[in-house]
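A.B. asks: sequence below, structure please.
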Amino acid sequence: MVVLKNISEKPEECRGCRFHDKEGDCYLLPESRSYETYAEQYEHCPIEESPQVIRCRDCGWWEKQADSLQGRCSLLGIYPTGSWYCANANAGIYPCDPEKNAECKKTDCYINGGPCNKTTRKECRIEE
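C.D. replies: Below is the predicted model of the structure:
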């Protein structure tokens, strides 16, 4: 595989991809293939076939803590860094409006002194 040195040529979709090394080689593409440009590499990228990893910083359960790399996971009650991930990650989590969320029993709801203030139901989110 050709090592592509000019990072500025890398397509926006490839920047920050966890499957690219610092030289620009893609770990997902077969080593038997050679690509002259990032655009040609991206054209053959199988990323859609690989499982998506949602980092804590992108998960709806994670709340960044001030002056720290860590945040609080309101689902698990732990304090991971933003680059951590788990199988429970969900990017589709929203701040909950308890009045809209009629199906919820509100057992652990913040309006009753509990820790829960999130919902996976988009129609029950607080409008921003």
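A.B. asks: surely Thr119 meets Cys109?
C.D. replies: No. Contact between Thr119 and Cys109 fails when scored by C-beta atoms under 8 Å: they sit 10.1 Å apart. To be clear about C-beta, it is placed using only N, CA and C from the backbone, and glycine gets the same treatment.
A.B. asks: between those two, which one's more packed in?
C.D. replies: A side-by-side neighbour count of Thr119 and Cys109, using other C-beta atoms under 10 Å, places Thr119 first with 22 against 16.
A.B. asks: ok, now how distant is that one from Cys96?
C.D. replies: Between Thr119 and Cys96 the computed distance is 4 Å (C-beta to C-beta, to the nearest Å).
A.B. asks: spit out the residues that contact these two alike.
C.D. replies: 104, 125 (C-beta atoms under 8 Å, 6 or more residues apart in numbering).
A.B. asks: in this protein, where is pLDDT below threshold?
C.D. replies: By pLDDT under 70, the weakly predicted segments of the chain are 1-39, 41-42, 44-52, 128.
A.B. asks: if we can go back for a sec, who touches both of Thr119 and Cys109?
C.D. replies: Shared contacts of Thr119 and Cys109, defined by C-beta under 8 Å, 6+ apart, are found at Cys96.
A.B. asks: tell me how many other residues crowd the residue lying closest to Gly92 once chain neighbours are set aside.
C.D. replies: In space, Gly92 comes closest to Thr120 once its chain neighbours are excluded; the distance is 6.0 Å by C-beta to C-beta, 6 or more residues apart in numbering. When neighbours are defined as other C-beta under 10 Å, Thr120 has 13 of them.
A.B. asks: Thr120 contacts Asn90, correct?
C.D. replies: Yes. Look at Thr120 against Asn90 with C-beta under 8 Å: they come within range, at 6.5 Å.
A.B. asks: can you work out which residues contact both of these two?
C.D. replies: Counting by C-beta under 8 Å, 6+ apart, the residues touching both Thr120 and Asn90 are Gly60.
A.B. asks: this protein: strands as residue ranges?
C.D. replies: For the chain, the strands defined by DSSP state E cover 62-64, 71-73, 94-95, 118-119.
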